[in-house]
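Trainee: Dropping a prediction and its sequence here:
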Amino acid sequence: MLKESVMDRRTAISNLVSDRFKALLYSVAILLAVPQGVEAAILVESWKPIFQGIDYATGSSDASEPRLQKVNALRIDLFNPEIAFFSTPSNRDAELETFGQTTSDFLVSSGVQVAVNANFFAPCCAAAPEPKDLLGLAISKGEIVSPPDEIALPQNELAGSLLIGQDNRSQIVKTSVTDDFSNVFTAVSASPRLLLDGQITVDFNPIDAFAGLNPRTAVGLSQDEQYLILITIDGRQPGFSEGATLYETAEWLTRFGSFQGLNLDGGGSTTMVRQDEFGNPQLLNNPSGQERFNGNNFGVFAKSIPVGITPIPEPQPPLALFVASFLAYMVWQRRNK
């Protein structure tokens, strides 16, 4: 009786696993049956290493979604000892707080490997470099460039700062003039906070033009605090990318693995750039106009991937799930014959 009971259980489990595996095969078959060239409504590409400790990915939404969106993302491994951060330094005794630079010029002058725009600033939008005053906390190499000034930021009740220590430990928090920043090596700020412990903190429906459709730059932090995620969403380009609301920006941060998230300066300031193989700046996104002279830029130092080593991108989730499930099923079948 015991032997029969065991055999019956094995048979039942085998049938159950077999049915589930067939269902998985069917699901994968549907995915593979989508004609070549047909884009999914929301597409998030797999991460591809571009420097040691820095991965790059893109995302998009097509015409079946409310709007066209083109997204670029960088994932920085905070546990990689070669990773270091830098932001626009102080003007010191010169006028205002910093001197405006395009993000491409910042990448070249600082020697970082990737960079994005950061704080809101004023005066805005001159077509030439000029002194700038930053809104919100900014710290570069341990020196306070701009003090906390959350009242001047849009939606100030949700203002926040990305704080990074010299050991790369990072957090996204609200800051004030009474805080101690002695252990902060790099900081950038803006508003509003988009994600708090995995929950979107902004309204689905835009409350004003600022929360509505705009090009966006944002920063996120993974739940295990290993990865810093930087994204840009292109906008104001009909037929290519129309921009994103604050809520949609939070959704994109989540898709790329963020648990905490903060909106940075956007609009015409939105820029993401990397160093190419010759050391020159290469735009990853498509700014809505000529590159703007931003008051604060934020960059990452990293080492090149050694010559002769071909980076292996992460597999797409459906394929990874299929392969893992297939191997597990085959092993189980062998053991239970």
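Mentor: Received it, and whenever you're ready, just let me know what you need.
Trainee: Need the contact partners of stretch 171-178.
Mentor: Here stretch 171-178 makes contact (C-beta atoms under 8 Å, 6 or more residues apart in numbering) with 136-137, 147-148, 150, 159-163, 181, 187, 189, 193, 219-221, 225, 260-262. Glycine gets a C-beta too; all of them are placed from N, C-alpha and C.
Trainee: Could you check the pLDDT of the nearest residue to Tyr227 once chain neighbours are set aside?
Mentor: Leaving aside its chain neighbours, Tyr227 sits nearest to Arg75 (5.1 Å; criterion: C-beta to C-beta, 6 or more residues apart in numbering). Arg75 is assigned a predicted lDDT (pLDDT) of 98.
Trainee: for the helix or strand Arg75 falls within, which positions count as buried?
Mentor: Taking DSSP states H and E as the criterion, Arg75 maps to strand 69-77. For strand 69-77, a neighbour-count test (16 or more other C-beta atoms under 10 Å) marks Gln69, Lys70, Val71, Asn72, Ala73, Leu74, Arg75, Ile76, Asp77 as buried.
Trainee: so what does it touch, helix or strand wise?
Mentor: strand 54-61, strand 227-233, helix 246-255 (3 or more C-beta pairs under 8 Å, 6 or more residues apart in numbering; DSSP states H and E).
Trainee: what's the average pLDDT for the second one?
Mentor: Translated: strand 227-233. 98.
Trainee: who's in contact with Ser87?
Mentor: Ala118, Ala138, Ile139, Ser140, Val145, Thr186, Ala187, Val188, Asn296, Asn297, Phe298, Gly299.
Trainee: for the protein, what are the low-confidence residue spans?
Mentor: Within the chain, the stretches with pLDDT under 70 are 1-40, 150-152, 156, 309-337.
Trainee: need the helices for it, in chain order.
Mentor: Using DSSP state H, the helices of the chain run over residues 2-33, 103-110, 246-255, 317-335.
Trainee: of the contacts of stretch 171-178, buried ones?
Mentor: 136-137, 147-148, 150, 159-163, 181, 187, 189, 193, 219-221, 260-262.
Trainee: show me the contacts for Phe120.
Mentor: Phe120 is in contact with Leu134, Leu135, Gly136, Leu153, Pro154, Ala190, Asp265, Gly295, counting by C-beta under 8 Å, 6+ apart.
Trainee: Name whatever forms a beta bridge with the residue lying closest to the first one once chain neighbours are set aside.
Mentor: Leaving aside its sequence neighbours, Leu134 sits nearest to Ser146 (C-beta to C-beta, 6+ apart; 3.8 Å). In this entry, Ser146 is beta-bridged to Ala138, by DSSP bridges.
Trainee: show me the residues around Ser146 that make contact.
Mentor: Glu97, Thr98, Asn119, Asp133, Leu134, Leu135, Gly136, Leu137, Ala138, Asn296.
Trainee: what pairs with the fifth one across the strands?
Mentor: Same thing as Leu134. Leu134 forms beta bridges with Phe121, as assigned by DSSP bridges.
Trainee: Could you report the neighbour count for it?
Mentor: Neighbour count of Leu134, defined by other C-beta atoms under 10 Å: 29.
Trainee: residues touching it, list them.
Mentor: By C-beta under 8 Å, 6+ apart, the contact list for Leu134 reads Glu97, Thr98, Asn119, Phe120, Phe121, Val145, Ser146, Gly295, Asn296.
Trainee: ok, the second one to Ala138 distance?
Mentor: Thr98 sits 8 Å away from Ala138 when distances are taken as C-beta to C-beta, to the nearest Å.
Trainee: Of these two, which one has the most company?
Mentor: More neighbours surround Ala138 than the other of Thr98 and Ala138, with 30 against 25 (other C-beta under 10 Å).
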